[in-house]
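# below is the sequence, then the predicted model.
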Amino acid sequence: MVETVERKWQMMFLSILFVLFTAWWVVIYPVRGEATTGNYLYAATYGLIALLGGIWGIIIAQKWGGFQSLIGRSIIYLSLGLLLQEFGQIVFTSYYFFLQVEIPYPSLADLGFFGSIPLYILGISSLAKASGLQLGLAKLGGKIQAFLLPIILLIASYVVFLRGYEFDLTTPLRIFLDFGYPLGQAIYISIALLTYILSRRLLGGIMRGKVFFIVLAFITQYVADYNFLLQNSRGTWINGGYGDQLYLLAYFLLALGILQLQSVLVKLNTNE
């Protein structure tokens with residue numbers, strides 16, 4: 001009962017923060033294409049949702065037994081991914097507030113942004129195992145979907161974001177990130193989708209809805225990252241623009257998804 005109340009107020013608090021940040025973004029949106037100090041402040045602070053989601057997630061994971069259980073391990077990896085995203089946000093905005101320079105790409109911020117990708121892959125892979133994904137892949141249809149989903153995502157990434165890409169061999173790290181982001185995200189989105197589609201309704205079906213929440217978060221993160229790559233390549237990225245709002249939505253959805261996994265534990269304890 002205590003855990004249920006705690007989860008509800010955490011979700012309510014995150015929801016209120018999301019609404020407040022969204023309202024702030026609407027007010028300061030740079031309609032003329034020029035970022036102001038208010039835009040930079042917004043970009044520097046909305047990562048608070050990722051920070052809270054990450055911290056709360058690590059606490060929740062301990063109730064699952066931490067690394068000793070698949071779901072506990074999944075929550076830890078997803079939470080650390082959120083914390084790395086917040087690290088990237090802090091570094092990103094530090095260039096403006098402390099160094100007073102244009103934000104470069106690649107930069108130290110990508111250590112956080114790109115570093116979250118392997119953590120998301122580890123997190124959703126652990127959740128997939130807990131949801132019975134291996135059973136789903138035993139059938140031919142599951143194997144076909146496992147093969148096609150990442151290919152479709154990679155083709156979509158190429159068509160939308162990398163078509164006409166100009167290779168500059170003097171910037172190998174940039175090339176690695178430009179292609180590494182779509183590859184890594186195609187992997188974790190594919191695993192998440194497969195987990196949702198092929199899971200065998202483990203634990204009376206209570207897991208499937210939680211996975212769907214995480215799928216939405218991953219897809220939003222995918223769109224946000226590729227929007228950044230596209231805008232950055234065209235020189236149109238603006239702090240406090242719609243790109244930052246996409247990141248805010250991605251963090252919010254994933255934080256809620258992590259909190260939702262706590263409700264699975266609550267239901268299990270209730271049914272014991």
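Looks like it arrived, so ask away.
# list the helices and strands the strand or helix carrying Ile175 packs on?
In this assignment (DSSP states H and E), Ile175 forms part of helix 172-198. For helix 172-198, the packing partners by 3 or more C-beta pairs under 8 Å, 6 or more residues apart in numbering; DSSP states H and E come out as helix 109-130, helix 133-137, helix 140-157, helix 206-234. Heads up, the C-betas are built off the backbone N, CA and C, glycines and all.
# how about the ones you listed, which one is nearest Gln262?
Closest to Gln262 of these, according to C-beta to C-beta: helix 206-234, at 9.5 Å.
# the helix or strand just after the closest one packs against which elements?
Sequence order places helix 242-271 as the next helix or strand after helix 206-234, per DSSP H and E. Under the contact definition 3+ C-beta pairs under 8 Å, 6+ apart, helix 242-271 sits against helix 2-28, helix 48-63, helix 70-97, helix 206-234.
# if we go to 10 Å?
When contacts are defined as 3 or more C-beta pairs under 10 Å, 6 or more residues apart in numbering; DSSP states H and E, helix 242-271 packs onto helix 2-28, helix 37-45, helix 48-63, helix 70-97, helix 109-130, helix 206-234.
# dump these to a markdown table, plus mean neighbour count, distance to Leu177 and mean pLDDT.
Shown next, in a markdown table, are these (neighbours: other C-beta atoms under 10 Å; distance: least, C-beta to C-beta, whole Å; pLDDT from 0 to 100):
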| stretch | mean neighbour count | distance to Leu177 | mean pLDDT |
| --- | --- | --- | --- |
| helix 2-28 | 14 | 26 | 88 |
| helix 37-45 | 18 | 20 | 88 |
| helix 48-63 | 21 | 20 | 94 |
| helix 70-97 | 22 | 12 | 91 |
| helix 109-130 | 21 | 6 | 91 |
| helix 206-234 | 19 | 8 | 83 |
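# if we can go back for a sec, now for the helices and strands packed on helix 172-198, which one comes closest to Asp178?
Closest to Asp178 of the helices and strands packed on helix 172-198, according to C-beta to C-beta: helix 206-234, at 6.3 Å.
# tell me the angle of that closest one relative to helix 70-97?
For helix 206-234 against helix 70-97, the angle by axes from the mean of the first three to the mean of the last three C-alpha atoms, to 10 degrees is 20 degrees.
# name the helices or strands packed onto helix 206-234?
Counting by 3+ C-beta pairs under 10 Å, 6+ apart, helix 206-234 packs on helix 70-97, helix 109-130, helix 140-157, helix 172-198, helix 242-271.
# average pLDDT for the longest one?
To tie it back to what came earlier, the one meant is helix 242-271. What helix 242-271 shows for mean pLDDT is 80.
# got it, and the shortest one?
When the per-residue pLDDT values of helix 140-157 are averaged, the result is 63.
# repeat that for the fourth one.
Over the span of helix 172-198, the pLDDT mean works out to 83.
# contacting residues for the closest residue in space to Thr93 that isn't next to it in sequence?
Spatial nearest neighbour of Thr93, excluding adjacent residues (C-beta to C-beta, 6 or more residues apart in numbering): Ala44 at 3.8 Å. Taking C-beta atoms under 10 Å, 6 or more residues apart in numbering as the contact definition, Ala44 lies against 89-90, 92-94, 96-97, 239-240.
# now do the contacts for the closest residue to Ala224 other than its chain neighbours.
Among residues not flanking Ala224 along the chain, Leu246 sits closest, at 3.7 Å (C-beta to C-beta, 6+ apart). Applying C-beta under 10 Å, 6+ apart, one finds that Leu246 lies in contact with 220-228.
# angle of the helix holding Ile175 against helix 242-271?
Using the same axes, to 10 degrees: helix 172-198 against helix 242-271 is 40 degrees.
# buried residues in helix 172-198?
For helix 172-198, the neighbour count (16 or more other C-beta atoms under 10 Å) marks 174, 177-178, 181-182, 184-198 as buried.
# wait, doesn't Trp90 sit right on Leu111?
In this structure residue 90 is Ile, not Trp. No: Ile90 is not in contact with Leu111 according to C-beta atoms under 10 Å; the separation is 11.4 Å.
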